[in-house]
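Engineer: Curious how this folds, go ahead:
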Amino acid sequence: VQLVESGGGLVQPGGSLRLSCAASGFSFSDYAMLWARQAPGKAHEWIAGIKKDGSDVWYGDSVRGRVTISRDNAKNTVYLQMTSLKPEDTAVYYCKAIYYGVGIEYWGQGTQVTVSS
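Structural biologist: As a prediction, this is how the structure comes out:
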């Protein structure tokens with residue numbers, strides 16, 4: 001089982017990034033997918049989620065209106081499009097797969113996003 005995030009990097013305030021999380025080794029379309037982040041010295045924060053079939057999404061208050069989560073079950077990939085980035089968005093971003101009702105979950109290793117001028 002693998003979840004591999006990519007797309008992080010250094011971006012200026014106001015800029016955009018698209019993160020990707022490629023899944024393998026499990027039935028991706030059976031799992032809801034979530035994005036979370038953790039900044040140094042701060043608590044883990046859930047920021048977006050999407051149902052297994054993409055029929056519903058949710059966003060955390062701190063990012064709502066600035067990020068869009070989507071998935072492509074044919075490519076076993078979930079995306080996080082981020083716009084209007086702020087320095088406080090600087091964090092390691094993780095994706096997570098969860099099989100609700102069964103309690104199975106997998107984590108990626110994270111990708112660093114740094115927002116700085």
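
Engineer: now stretch 44-54, how far from the chain's geometric center?
Structural biologist: 7 Å (Cα atoms, centre = their mean, to the nearest Å).

Engineer: wait, I meant stretch 77-93
Structural biologist: Centroid separation for stretch 77-93 versus its chain: 8 Å, with Cα atoms, centre = their mean.

Engineer: Quick check: buried residues in it?
Structural biologist: Using 16 or more other Cβ atoms under 10 Å as the test for burial, stretch 77-93 gives 77, 78, 79, 80, 82, 85, 89, 90, 91, 92, 93. Bear in mind the C-beta positions are built from the backbone N, C-alpha and C, glycine included.

Engineer: Correct me if wrong: residue 28 contacts residue 95.
Structural biologist: No - at 11.2 Å, residue 28 does not count as touching residue 95 under the criterion of Cβ atoms under 8 Å.

Engineer: Counting neighbours, go ahead and name the busier of the two.
Structural biologist: Relative neighbour count places residue 95 above the other of residue 28 and residue 95, with 28 against 21, counting by other Cβ atoms under 10 Å.

Engineer: and the closest residue to that one other than its chain neighbours, what element?
Structural biologist: Ranked by Cβ to Cβ, 6 or more residues apart in numbering and with sequence neighbours excluded, the top spatial neighbour of residue 95 is residue 21, at 3.5 Å. Residue 21 belongs to strand 17-24 when assigned by DSSP states H and E.

Engineer: Output that strand as CSV - backbone C-alpha positions only.
Structural biologist: The C-alpha coordinates for strand 17-24 follow below in CSV (Å, rounded to 0.1, in the frame of the first residue of the first chain):
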residue,chain,number,x,y,z
LEU,A,17,-0.3,25.0,-6.1
ARG,A,18,-1.9,21.7,-7.0
LEU,A,19,-1.0,18.7,-4.8
SER,A,20,-1.5,15.2,-6.0
CYS,A,21,-1.7,12.0,-4.0
ALA,A,22,-1.2,8.8,-6.0
ALA,A,23,-2.5,5.6,-4.5
SER,A,24,-1.5,2.0,-5.1
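
Engineer: and it, how far out from the chain's middle?
Structural biologist: The answer for strand 17-24 is 7 Å, by Cα atoms, centre = their mean.
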